[in-house]
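Need coordinates for the following:
(one chain, ligands or ions: 1)
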Amino acid sequence: MSAMRRRPRRAPGPGARHRDGPAPGAGTVYGIGAAPGAGTATVHEIGSGHETGSVHGVGAATVPEVRNGAEVGSGHEVGSVHEVGSVHEVGSVHEVGSGALPPTYREVRLAARPGRDPRPEHFEIVRAPLRPPAAGQVLVRNLVLRIGAATRTLMADEQVLPMAPYQPGQPLRGTALGAVIAAPGTSLRSGDLVRHDLGWQQYALLPAAQVRRVDPARWPDPAACLSQGFVGWLAVDRAARIEPGDTVLVTGAAGGVGCIAGQFARLRGAGRLIGTTGSRWKADHLTDRLGFDTVLVRGEGPIEDQLRAAAPDGVDVLVDTVGGEQFRAALALARRRARLVVVGALAGQAGGGTRTVTALDTLALCSRGITVSGLSAADHGADVERWEEEFSAGLRTGLLTFPHVRLTGIDRAPAALRDLLAGRHLGTVLVEPT
Ligand SMILES: NC(=O)c1ccc[n+]([C@@H]2O[C@H](COP(=O)([O-])OP(=O)(O)OC[C@H]3O[C@@H](n4cnc5c(N)ncnc54)[C@H](OP(=O)(O)O)[C@@H]3O)[C@@H](O)[C@H]2O)c1
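Sure, this is the predicted structure:
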């Protein structure tokens, strides 16, 4: 049973467009407690309601089939993809604490490094013994895992992110929300909610210092603490210096980072808000439900041409999660003293690349006084509390929303990653590892 409740979307700020009712095409947005309605893609939005402490939702998502960035044919059921790696058992059965705990749990491991496309054989789902925590450790039952583009980059045999790459035969990692089972010798209590980086498994055993306590009273749904919007918020607040009326371009606007960055850009005074995405149904969702004025679609003509039509007077701010052609278009249209903030490089990452090389017209930079900056969330740990405070408050009041897709079953996590990279989901992708 979902804790989602449908509510009318409120425009996130001045100038934002708002239409009531379900998004046309594939996007159907649920608030807390909503029953599924019409539409083919199920995207949940957290942004109102006051249920606390519960972490649940529904999983099936059906979206148009997407090939080469274009929608083709009719619905394709993402939620029923079953191409996952082999399942087998390792280790011995192990008694842990009370009889309520299973002796083993399932985790997803990297079976082999993929080439361009991760396929089922690159993952294996393995049973591992559940071990009791030692003093100072915490045993967590994972409730929700986040799947993200960085997961793909960490499968490569090269360290390009602040985290070490995955190793074949080892479990994948990623941000997760879980409930404490036991944490001897620590201040954590059974049932406490915590966030940590040992996702892709049903249980996690780790030092208590590596978990962050999650206050269920703060969040309409604690799963929202898994949003990767932190870096989008940082880009808007720390680097973009948005001035009222600025024209702001957010690339990868339908991704977990982009759809939060767009909302904050509007809140900070963006006059014209432009996004990019890879499919028309997502573009419609962004304009109808998330306050974007115009959304450019990859594959519907050169991005620079589309951007010139959408912003004939140019762009003041870029929050870039894509790079490549999209960054070049923003630079071509950048106005005097424009701020171009790079937080991701999906153009390379989505295909497994570890480089996103983009030619820069350096004469344009100096002659128009343009600033280009890169931003890594890893450098801003001290800001997490302030981000959570503002984001959760915005969700509680309905000023902000957390679009996400929620799937059920750890065996669906590999397919969820592949579908994410293929652009079949909107917002953050979450998996309940049952
Ligand atoms: N700097 C940091 O500290 C930090 C922190 C978190 C995340 N990030 C980065 O921010 C970026 C966005 O992360 P995210 O979690 O929002 O991503 P995400 O939700 O995982 O988005 C993946 C999306 O990439 C898009 N995509 C696929 N192929 C593409 C291509 N060839 N060109 C452009 N877009 C393509 C698809 O969306 P569409 O179909 O809508 O295009 C897909 O849904 C990533 O590069 C991630 O690594 C950086």
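
tell me, how many neighbours does G299 end up with?
By other C-beta atoms under 10 Å, the residues close to G299 number 14. C-betas here are computed from N, CA, C, even on glycine.

Going forward, count from 48.
With 48 as the first residue, the last one maps to G346.

Now do it against the ligand, distance only.
Distance, G346 to the ligand, by C-beta to the nearest ligand atom, to the nearest Å: 9 Å.

For my notes, confirm that residue occurs in a helix.
No. Read with DSSP: H, G, I helix; E, B strand; the rest coil, G346 is coil and lies in no helix.

surely it meets G325?
Yes. With contacts counted by C-beta atoms under 8 Å, G346 reaches G325, the gap being 6.8 Å.

quick one, domains of the protein?
131-273, 277-425 (automatic domain parsing).

For the closest residue in space to G391 that isn't next to it in sequence, the count of nearby residues, please.
In space, and not counting its chain neighbours, G391 is closest to T368: 3.6 Å by C-beta to C-beta, 6 or more residues apart in numbering. The number of residues packed near T368 is 28, by other C-beta under 10 Å.

possible to save the domains of the chain as TSV with mean pLDDT?
Listed next are the domains of the chain as TSV, based on pLDDT from 0 to 100:
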stretch	mean pLDDT
domain 131-273	88
domain 277-425	96
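
ranking the ones you listed by burial, who's on top?
Neighbour counts (mean count of other C-beta atoms under 10 Å) averaged over each of the domains of the chain peak at domain 277-425, with a mean of 21.

What distance separates the opening and closing residues of it?
Domain 277-425 has its terminal residues 10 Å apart, counting by C-alpha to C-alpha, to the nearest Å.

Could I get the full set of helices for the chain?
196-200, 277-281, 305-314, 327-336, 350-357, 371-380, 393-396, 409-414, 431-444, 460-468 (DSSP state H).

Let me know the angle separating the third one from helix 431-444.
Which is helix 305-314. 80 degrees (axes from the mean of the first three to the mean of the last three C-alpha atoms, to 10 degrees).

give the contact list for the residue of the stretch 98-247 of the chain found nearest the ligand.
Closest to the ligand within the stretch 98-247 of the chain is A196: 3.5 Å, counting by C-beta to the nearest ligand atom. By C-beta atoms under 8 Å, 6 or more residues apart in numbering, A196 lies in contact with 302, 391, 393, 396-397, 467-468.

what residues does the stretch 98-247 of the chain put near the ligand?
By C-beta under 6 Å from any ligand atom, the residues of the stretch 98-247 of the chain that approach the ligand are 195-197.

which one among those residues gets closest to P254?
Nearest to P254 out of those is A197 (C-beta to C-beta; 22.3 Å).

Distance of that closest one relative to F449?
18 Å (C-beta to C-beta, to the nearest Å).

for Q373, same thing?
Q373 is 24 Å from F449, where distance means C-beta to C-beta.

for A469, same thing?
Taking C-beta to C-beta as the measure, A469 and F449 are separated by 22 Å.

and what of A230?
According to C-beta to C-beta, A230 stands 28 Å off from F449.

Kindly report the same for A158.
Distance, A158 to F449, using C-beta to C-beta: 32 Å.

And for H169?
Distance of H169 to F449, computed by C-beta to C-beta: 30 Å.

Residues of the stretch 298-447 of the chain that sit close to the ligand?
Within the stretch 298-447 of the chain, the positions near the ligand by C-beta under 6 Å from any ligand atom are 299, 301-305, 324-326, 329, 345, 368-369, 390-394, 396-397, 422-424.

that older thread, more neighbours: which of A469 and F449?
Comparing A469 with F449 by neighbour count (other C-beta under 10 Å), the higher total belongs to F449, at 27 against 17.

which residues does the more buried one contact?
Going by C-beta under 8 Å, 6+ apart, F449 touches 92-94, 268, 271, 274, 276, 307, 438, 442, 474-475.

Next one: it, what pLDDT does it get?
Per-residue confidence (pLDDT) for F449: 98.

For it, list each beta-bridge partner.
I93 (DSSP bridges).

State the distance from it to the ligand.
F449 is 12 Å from the ligand, by C-beta to the nearest ligand atom.

Okay, now the sheet partners of the top strand by length along the chain, with direction.
When the chain is parsed with DSSP state E, its longest strand is strand 184-194. Sheet pairing for strand 184-194, assigned by DSSP bridges, gives strand 223-229 (antiparallel), strand 250-254 (antiparallel), strand 475-479 (antiparallel).

Check the burial of the residue nearest to G303 when sequence neighbours are not counted by counting its neighbours.
Distances taken as C-beta to C-beta, 6+ apart place T475 nearest to G303, at 3.9 Å, with adjacent residues excluded. Residues lying near T475 (other C-beta under 10 Å) number 29.

So T475 is in contact with L273, correct?
Yes. Counting by C-beta under 8 Å, T475 does reach L273; the two are 6.6 Å apart.

Find the residues that touch each one of those two.
Residues touching both T475 and L273 (C-beta under 8 Å, 6+ apart): R193.

one step back: which of the contacts of A196 sits closest to V191?
Scanning the contacts of A196 for proximity to V191, where the rule is C-beta to C-beta, the winner is L467, at 15.2 Å.
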